[in-house]
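> structure for this input, please:
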Amino acid sequence: MLLKHFLTVLLFSSTQLPFSDVQKRAMLSWAKDLGAHDVPSLKAIKQSNECACKLVSNPMQKVTSASSDIFYINDIWHAISKDYTNPLTHFAMQDYLEDGGAGMSQVFHGEKMLLELPSPPAARVDGKIYFVNELLQECSGAFFIPEQDSQDPCQEKEIYAMGHAVEYTDAGFIVSDEQEVVLTSIFRCSFV
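Prediction:
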């Protein structure tokens, strides 16, 4: 693929500034009228676009509804996998809830997270990842088994864990029947 074709395809494929075929044809004609050299045709641009889509795959799928409306749906799993493989974006991606102290990066609906939606399998606190349903030790020396992590939308990025307190005795560990909610920032280590 030639550079001029690639750059034109890149311009015409902008998601922020979509162009119709009529607009593309007018822009190419305008460039020719101004005396630009080697201006590609719209057909050549479309062929270059198809070639680029074959090389990197096209996550967009055209769907026609029963009422003949046309929608274009992006394959979200494909987009996420590209984000993970991109060395510029994969370090910024966050899989688990994170206790960031005084900052707030996202707004969560606390009641939905706590009662309706399935909990993420873990929470990251001070760089350590604590999984649900594992025995954890708190800073006080007490033990806890979290069943679900959630974020309080009223607090600034604090993560809470709902679960059961665990008491250590000579006979072994005794798990309380009562559920309680604690801040994940009190967790010190896990025993996995």
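> give me the low-pLDDT residue ranges for the chain?
Within the chain, the segments meeting pLDDT under 70 span 1, 14-16, 56-60, 65, 72, 74-79, 89-121, 152-157, 192.
> what about the helices in it?
Listed in chain order, the helices of the chain (DSSP state H) span residues 3-12, 21-33, 42-56, 76-85, 110-111.
> which stretches in the protein count as strands?
Secondary structure of the chain by DSSP state E: the strands cover 60-64, 70-74, 97-99, 122-125, 128-131, 136-138, 143-151, 159-169, 172-183, 187-190.
> returning to what we had before: residue 69: which of the helices of the chain is closest?
Within the helices of the chain, the stretch nearest residue 69 is helix 21-33; the backing value is 19.5 Å (Cβ to Cβ). The way it works is simple: take the backbone N, C-alpha and C, and place the C-beta from them, glycine included.
> what angle separates that closest one from helix 42-56?
Helix 21-33 and helix 42-56 are oriented at 110 degrees to each other (axes from the mean of the first three to the mean of the last three Cα atoms, to 10 degrees).
> related to what we said a few turns ago, pick the most buried one from the helices of the chain.
Mean neighbours per residue, mean count of other Cβ atoms under 10 Å, is largest over the helices of the chain for helix 3-12, with a mean of 16.
> can you give me the angle it makes with helix 21-33?
For helix 3-12 against helix 21-33, the angle between stretch directions is 140 degrees (the same axes, to 10 degrees).
> appreciated, that's everything.
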